[in-house]
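Chemist: what's the 3D shape of this:
(one chain, ligands or ions: 1)
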Amino acid sequence: MKKTEIITRLAPTPSGYLHRGNFYNFLLNWLFARQRGGKVFLRLDDLDSDRAKPEFVEAIFKDLEALGLDWDIGPSGPDDFYRKWSQKHRTDRYVELIKTLSDKGFTYVCNCSRKSLAEQGFSGDYPGICRSKGLVFQEDVSAVRFNRSAFGVDSGDPVVLRKEGISAYHIGSICDDIDYGITHVFRGNDLKYSTQIQKEIALAAEIVAFDKIQFHHHELLLDTEGQKLSKSGGNAARNQPDSLITEFARWMGYSVPEGATLKIQELMDFPLSII
Ligand SMILES: [Zn+2]
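Modeler: Numbering: from 1, shown residues only. Below you'll find the model as predicted:
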């Protein structure tokens, strides 16, 4: 029997500089594949065009190179990314999934804005108020939401098609994970909810392949005050890649002698204890 090849992915979002937590996550995905003779896919989540910026795209490539993280599938650099790999080239594919969901009755039109929801006293998860309104889609006014009621959920229906006509993150992520044959995804605990939503969407659309992807969630790297990292880690990756790799090893529970630094190759036999 042919053994399925392992494929993991690095999925940075070019809407800001990456922080140490992002790099640790990439190292984990990369190591898991490399230790098993698998492949690595690099995907830049750039559907959110308002926030994706060229300088951040460029920084991603520089940072990955400095860390010694390579990949087998994906853009070779910024130019190749814009030419062939931007998620914007895959709009038709994403719309196809949204259409499948709609055909199966899992979507509805929502005309709420953040402001109108706030005025009605709603905050946090979307309360599902347009679910049964039967609204007709209007360009630049309407969004399309995925209806979670079939899964026994009353709120938090995610937008799948934004008002600007752009497919939302979950749709791009699901399609890309399937189309590029991803087998394992390691992501932070903060994305557990996203994984749940994506599984529901895939189930609703009857995408059997998505069920075969193994999702693992790991503890987040916290700052010295115990808060989740959100800001850029400065130029940690580019200026001190070895110290970042050493920190990663310690985070994984590996005892590294004081003052020693590790190179990425030295992690090849290293047990990935947190997964
Ligand atoms: Zn609504």
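Chemist: Now the stretch 151-275 of the chain against the ion: closest residue?
Modeler: The ion sits closest to residue 157 of the stretch 151-275 of the chain, with a gap of 8.6 Å, by Cβ to the ion. Heads up, the C-betas are built off the backbone N, CA and C, glycines and all.
Chemist: On the strand side of things, show who the nearest residue to that residue once chain neighbours are set aside bridges to.
Modeler: For residue 157, the nearest residue in space outside its immediate sequence neighbours is residue 145; the separation is 4.3 Å by Cβ to Cβ, 6 or more residues apart in numbering. Per DSSP bridges, the residues bridged to residue 145 are residue 108, residue 159.
Chemist: Now for the residue of the stretch 151-275 of the chain closest to the ion: which residues touch it?
Modeler: Shown in contact with residue 157 (Cβ atoms under 8 Å, 6 or more residues apart in numbering): 108, 110, 126, 128, 131, 145-148.
Chemist: what's the farthest-apart pair in those residues?
Modeler: 110 and 148 (12.9 Å; Cβ to Cβ).
Chemist: Around residue 65, how many other residues sit close by?
Modeler: If you count neighbours by other Cβ atoms under 10 Å, residue 65 ends up with 14.
Chemist: what's the helix or strand hosting it packed up against?
Modeler: Assigned by DSSP states H and E, residue 65 falls within helix 54-67. Packed against helix 54-67 by the contact rule (3 or more Cβ pairs under 8 Å, 6 or more residues apart in numbering; DSSP states H and E) you find helix 20-35, helix 78-80, helix 236-239, helix 241-251.
Chemist: For the ones you listed, give me JSON lines that also has distance to the ion and mean pLDDT.
Modeler: Listed next are the helices and strands packed on helix 54-67 as JSON lines, based on distance: least, Cβ to the ion, whole Å; pLDDT from 0 to 100:
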{"stretch": "helix 20-35", "distance to the ion": "32", "mean pLDDT": "92"}
{"stretch": "helix 78-80", "distance to the ion": "38", "mean pLDDT": "97"}
{"stretch": "helix 236-239", "distance to the ion": "41", "mean pLDDT": "67"}
{"stretch": "helix 241-251", "distance to the ion": "41", "mean pLDDT": "87"}
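Chemist: closest to residue 272 out of these?
Modeler: helix 20-35 (6.2 Å).
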